[in-house]
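In: sequence and predicted structure below; questions after.
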Amino acid sequence: MAEIQNQDGVEVGAESTNVCPACQALLSDGTIQGKAVLYCTKCRGLLISIDRFLPLVEFLRALSQPTGSDVQPRDNFDADRKLECPMCGKTMIGHPYGGPGNVNIDTCEACSVIWLDRSELQRIVMAPDHHPVYSR
Ligand SMILES: [Zn+2]
Ligand SMILES: [Zn+2]
(Lines give C-alpha, C1' and ligand atoms only; values in the text may rest on other atoms or scores of the structure.)
(Ligands and ions follow the chains in the order given, each with its own letter.)
Protein backbone atom coordinates (compact mmCIF):
# COMPACT_ATOMS: atom_id res chain seq x y z
CA MET A 1 0.00 0.00 0.00
CA ALA A 2 1.49 3.28 -1.08
CA GLU A 3 1.31 6.02 1.50
CA ILE A 4 0.89 9.53 0.20
CA GLN A 5 2.78 12.26 1.96
CA ASN A 6 1.13 15.63 2.03
CA GLN A 7 2.90 18.96 1.65
CA ASP A 8 4.11 18.83 5.25
CA GLY A 9 5.70 15.42 4.78
CA VAL A 10 2.98 13.77 6.84
CA GLU A 11 1.36 10.50 5.87
CA VAL A 12 -2.13 11.10 7.18
CA GLY A 13 -4.14 8.19 8.53
CA ALA A 14 -7.47 7.88 10.25
CA GLU A 15 -9.04 10.56 12.36
CA SER A 16 -8.29 10.23 16.05
CA THR A 17 -10.43 11.24 19.00
CA ASN A 18 -7.97 13.93 20.09
CA VAL A 19 -8.89 17.55 19.49
CA CYS A 20 -6.55 20.07 17.90
CA PRO A 21 -5.47 22.57 20.56
CA ALA A 22 -5.22 25.36 18.01
CA CYS A 23 -8.41 25.05 15.96
CA GLN A 24 -10.50 22.39 17.76
CA ALA A 25 -10.79 20.13 14.72
CA LEU A 26 -10.18 16.42 15.28
CA LEU A 27 -6.56 15.44 14.88
CA SER A 28 -5.63 12.57 12.59
CA ASP A 29 -3.18 9.80 13.23
CA GLY A 30 -0.20 10.24 10.97
CA THR A 31 3.44 9.46 10.50
CA ILE A 32 6.44 11.47 9.40
CA GLN A 33 9.26 9.21 8.19
CA GLY A 34 7.65 6.38 10.10
CA LYS A 35 7.40 8.32 13.36
CA ALA A 36 3.92 8.58 14.81
CA VAL A 37 2.40 12.03 15.15
CA LEU A 38 -1.05 13.50 15.53
CA TYR A 39 -1.72 15.89 12.69
CA CYS A 40 -4.39 18.54 12.14
CA THR A 41 -5.54 18.51 8.54
CA LYS A 42 -7.28 21.84 9.10
CA CYS A 43 -4.57 24.10 10.53
CA ARG A 44 -1.66 21.76 9.70
CA GLY A 45 -0.26 21.77 13.21
CA LEU A 46 1.14 18.56 14.65
CA LEU A 47 1.69 16.92 18.00
CA ILE A 48 4.75 14.74 18.49
CA SER A 49 6.27 13.11 21.54
CA ILE A 50 9.37 14.79 22.86
CA ASP A 51 11.52 11.68 22.46
CA ARG A 52 10.58 11.34 18.81
CA PHE A 53 11.03 15.01 18.03
CA LEU A 54 14.83 15.41 18.02
CA PRO A 55 15.53 12.16 16.13
CA LEU A 56 12.97 13.29 13.56
CA VAL A 57 14.61 16.70 13.19
CA GLU A 58 18.00 15.04 12.72
CA PHE A 59 16.56 12.63 10.19
CA LEU A 60 14.87 15.39 8.19
CA ARG A 61 18.04 17.48 8.27
CA ALA A 62 20.00 14.61 6.82
CA LEU A 63 17.52 14.52 3.94
CA SER A 64 17.50 18.22 3.23
CA GLN A 65 20.25 20.75 2.81
CA PRO A 66 19.65 23.60 5.22
CA THR A 67 20.18 26.72 3.19
CA GLY A 68 19.16 29.35 5.67
CA SER A 69 17.56 31.18 2.79
CA ASP A 70 14.05 31.08 4.13
CA VAL A 71 14.70 31.77 7.77
CA GLN A 72 12.31 34.27 9.20
CA PRO A 73 12.41 36.29 12.39
CA ARG A 74 10.65 34.81 15.34
CA ASP A 75 6.95 35.07 14.87
CA ASN A 76 5.30 35.90 18.16
CA PHE A 77 1.72 35.39 17.07
CA ASP A 78 1.49 32.39 19.35
CA ALA A 79 3.64 33.61 22.23
CA ASP A 80 0.80 34.41 24.62
CA ARG A 81 -1.59 31.76 23.46
CA LYS A 82 -2.83 29.14 25.90
CA LEU A 83 -3.33 25.74 24.37
CA GLU A 84 -4.91 22.75 26.02
CA CYS A 85 -2.96 19.54 25.68
CA PRO A 86 -4.88 17.21 23.34
CA MET A 87 -3.85 14.25 25.47
CA CYS A 88 -4.64 15.38 29.04
CA GLY A 89 -6.48 18.70 28.67
CA LYS A 90 -4.08 20.66 30.85
CA THR A 91 -2.68 23.98 29.69
CA MET A 92 0.44 23.55 27.61
CA ILE A 93 3.54 25.61 28.27
CA GLY A 94 4.42 27.93 25.43
CA HIS A 95 8.05 28.94 25.12
CA PRO A 96 10.66 29.77 22.51
CA TYR A 97 12.30 26.64 21.19
CA GLY A 98 15.85 26.54 22.52
CA GLY A 99 17.27 25.28 19.25
CA PRO A 100 17.36 26.90 15.83
CA GLY A 101 14.39 28.02 13.81
CA ASN A 102 13.06 31.01 15.75
CA VAL A 103 9.82 29.34 16.68
CA ASN A 104 7.65 29.23 19.76
CA ILE A 105 6.60 25.76 20.75
CA ASP A 106 4.03 24.47 23.19
CA THR A 107 4.79 21.48 25.35
CA CYS A 108 3.02 19.32 27.91
CA GLU A 109 5.52 17.86 30.30
CA ALA A 110 3.05 15.43 31.82
CA CYS A 111 2.47 13.82 28.43
CA SER A 112 5.95 14.57 27.01
CA VAL A 113 4.53 16.03 23.83
CA ILE A 114 5.30 19.07 21.68
CA TRP A 115 2.78 20.99 19.62
CA LEU A 116 4.19 22.51 16.44
CA ASP A 117 2.17 24.94 14.40
CA ARG A 118 2.11 24.80 10.63
CA SER A 119 5.64 24.94 9.13
CA GLU A 120 7.40 25.15 12.48
CA LEU A 121 8.96 21.73 11.99
CA GLN A 122 10.28 22.81 8.60
CA ARG A 123 11.66 26.00 10.09
CA ILE A 124 13.54 24.09 12.75
CA VAL A 125 14.87 21.63 10.19
CA MET A 126 15.99 24.33 7.76
CA ALA A 127 17.48 26.70 10.31
CA PRO A 128 21.03 27.80 9.54
CA ASP A 129 22.48 27.92 13.03
CA HIS A 130 22.71 24.18 13.18
CA HIS A 131 25.90 22.21 12.76
CA PRO A 132 24.90 19.34 10.54
CA VAL A 133 25.48 15.94 12.06
CA TYR A 134 27.24 14.68 8.97
CA SER A 135 29.54 17.62 8.34
CA ARG A 136 33.22 17.37 9.14
ZN1 LIG B 1 -5.90 22.48 14.00
ZN1 LIG C 1 -0.78 16.58 28.45
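Out: Now that the structure is in, tell me what you want to look at. Ligands and ions are numbered 1, 2, ... in the order given.
In: got any ranges where this structure has weak pLDDT?
Out: In the predicted model, the chain carries pLDDT under 70 at residues 1-3, 65-80, 128-136.
In: strands along that one, start to end?
Out: Taking DSSP state E to define them, one finds strands in the chain at 11-19, 26-32, 35-39, 46-49, 93-96, 104-108, 113-116.
In: show me what the longest one is packed up against.
Out: If you count contacts as 3 or more Cβ pairs under 8 Å, 6 or more residues apart in numbering; DSSP states H and E, strand 11-19 packs onto strand 26-32, strand 35-39. Using the backbone N, CA and C atoms, a C-beta is placed for each residue, glycine as well.
In: can you give the distance from the longest one to the centre of its chain?
Out: With Cα atoms, centre = their mean, to the nearest Å as the basis, the distance from the averaged C-alpha position of strand 26-32 to the chain average is 12 Å.
In: what residues of that strand count as buried?
Out: Using 16 or more other Cβ atoms under 10 Å as the test for burial, strand 26-32 gives 27-28, 30-32.
In: what is the biggest helix by length in the chain packed up against?
Out: Ordering each helix of the chain by length in residues (DSSP state H) puts helix 50-63 first. With contacts defined as 3+ Cβ pairs under 8 Å, 6+ apart, the packing partners of helix 50-63 are strand 35-39, strand 113-116, helix 120-126.
In: which residue packs closest to the most centrally placed residue in the chain, ignoring adjacent ones?
Out: Central residue of the chain (Cα atoms, centre = their mean): L116, 3.5 Å from the mean position. In space, and not counting its chain neighbours, L116 is closest to L46: 5.4 Å by Cβ to Cβ, 6 or more residues apart in numbering.
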